[in-house]
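Visitor: 3D, please:
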Amino acid sequence: MTSTVDRPAHEVPRSGGTEHERRVAAVADQVNRQLRALHSLKAQVARGQTDVERAMHVVLYVLADAGPLRVGALAERLGTDPSTTSRQTGELVKQDLLRKLPDPDDGRASLLAVTEAGHAVVAAMKQRRHEHLARAVEGFDDDELDAFTGLLSRFADGLERARTETLRTAHSPQEIA
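Guide: Take a look at the predicted model:
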């Protein structure tokens, strides 16, 4: 017998399942709604700022936040294939938004770092994002903003844990029943 706990939230009927499952399904619906809205917002911001592809902006954001990384480590953080990440970073190097630095731990490898021009692109993107988000939370008071920020942070931590566990499970040997 399959438990509804094992089913994705979108498969849990609104009228069936436990109260917790219905609440998780409601969270899933709101997360999907938020993702669509954020995807649209990011596309608008990316179009208005530069001709660099939106996916490449994510590369810039991650490197600006994390500091210099190897392509493989960057691909892992992005959840993308290293060849895709390599192609994107190559284009960003050509546009002088990234530069290659020697890896102090391995002379044969290089690290990718955001250039001054890349930091300017990230700063402009963040400014536009902040302006849009300020409008989105216009009616929130300071206590609501603090609570919302805390809950979003907890949620992001949970998503990261789930992603890490999924990666670990996907790479561990499967038991044969």
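Visitor: Show me where this structure dips below the pLDDT cut-off.
Guide: For the chain, residues meeting the criterion pLDDT under 70 lie at 1-16, 45-53, 171-177.
Visitor: For it, which segments count as strands?
Guide: Using DSSP state E, the strands found in the chain span residues 98-103, 106-114.
Visitor: Tabulate those (TSV), appending mean neighbour count and distance to residue 144.
Guide: All C-beta spots, glycine's among them, are computed from the backbone N, C-alpha and C. Shown next, in TSV, are those (neighbours: other CB atoms under 10 Å; distance: least, CB to CB, whole Å):
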stretch	mean neighbour count	distance to residue 144
strand 98-103	16	38
strand 106-114	15	34
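Visitor: Tabulate those strands (CSV), appending distance to residue 65.
Guide: Below are the strands of the chain laid out as CSV (distance: least, CB to CB, whole Å):
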stretch, distance to residue 65
strand 98-103, 14
strand 106-114, 9
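Visitor: Contacts only, for the residue nearest the centre of the chain.
Guide: With distances taken as CA atoms, centre = their mean, the chain has residue 78 as the residue nearest its mean C-alpha position (6.9 Å). Residues near residue 78 by CB atoms under 8 Å, 6 or more residues apart in numbering: 58-59, 62, 85.
Visitor: wait, which of these is closest to residue 134?
Guide: Residue 134 lies nearest to residue 58 out of the contacts of residue 78, by CB to CB, at 21.8 Å.
Visitor: separation between the nearest residue to the closest one once chain neighbours are set aside and residue 61?
Guide: Of all residues beyond its chain neighbours, the one nearest residue 58 is residue 78 (6.4 Å), with distances taken as CB to CB, 6 or more residues apart in numbering. To residue 61, residue 78 is 10 Å away according to CB to CB, to the nearest Å.
Visitor: Check residue 70 too.
Guide: Distance of residue 70 to residue 61, given as CB to CB: 17 Å.
Visitor: now do residue 150
Guide: 22 Å.
Visitor: more crowded one of those two?
Guide: Counted by other CB atoms under 10 Å, residue 150 and residue 61 do not tie: residue 61 has more neighbours, with 17 against 10.
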